[in-house]
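Student: need coordinates for the below:
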Amino acid sequence: MIKAMKVSSNDNVAILLEDIKKGETCDYDAENPLKANQDIPFGHKIALRDIAIGEDIVKYGHIIGYATQPISQGDWVHNHNIRSDRGRIKKERPV
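Tutor: Numbers count the residues shown, from 1 in each chain. This next block holds a predicted model:
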């Protein structure tokens, strides 16, 4: 059963279509099972691959912010580990 949605081939996060528990498998397509590293609520993001500090977070094919700490594949991606780029010029990033 597909539990997450990846919209663009450029996305490095997927959106959960239901709550997921730590250790549970989350499929965003039939060939790419992904194990959740934390409990993650419906509608939130899960990392599809490792993301380095300062790297862009791409959702729906658009940059929505950047990582403020290392994010591992399967991690919950939310305001505790990313910062939004809205209203901010990329060169103003502190990292």
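Student: residue 51 contacts residue 65, doesn't it?
Tutor: No: assessed by Cβ atoms under 8 Å, residue 51 is found out of contact with residue 65, at 10.9 Å. Every residue, glycine included, has its C-beta placed from N, CA and C.
Student: between those two, which contacts overlap?
Tutor: Residues within reach of residue 51 and of residue 65 at once, by Cβ atoms under 8 Å, 6 or more residues apart in numbering, are residue 57.
Student: what about those two, which has more around it?
Tutor: The neighbour comparison of residue 51 against residue 65 (other Cβ atoms under 10 Å) goes to residue 51, with 24 against 19.
Student: any idea of the pLDDT on that one?
Tutor: pLDDT recorded at residue 51 is 98.
Student: again with residue 1
Tutor: 65.
Student: as a whole number, average confidence for the helix or strand encompassing residue 14?
Tutor: When elements are assigned from DSSP states H and E, residue 14 belongs to strand 13-16. Mean pLDDT, computed over strand 13-16, is 96.
Student: packing partners for the next helix or strand after it?
Tutor: Counting by DSSP H and E, the next helix or strand C-terminal to strand 13-16 is strand 25-27. Judged by 3 or more Cβ pairs under 8 Å, 6 or more residues apart in numbering; DSSP states H and E, strand 25-27 is in contact with strand 33-35.
Student: pLDDT-wise, which helix or strand of this structure ranks last?
Tutor: Using mean pLDDT, DSSP states H and E, strand 25-27 stands out as the lowest-scoring helix or strand of the chain, at a mean of 87.
Student: check what contacts that strand and list those residues.
Tutor: By Cβ under 8 Å, 6+ apart, strand 25-27 touches 1-4, 14, 16, 20, 33-36, 46, 74.
Student: so what pairs up with the closest residue to residue 33 other than its chain neighbours in the strands?
Tutor: Distance criterion Cβ to Cβ, 6 or more residues apart in numbering; nearest residue to residue 33, sequence neighbours excluded, is residue 25 at 4.8 Å. Beta-bridge pairing for residue 25 (DSSP bridges): residue 35.
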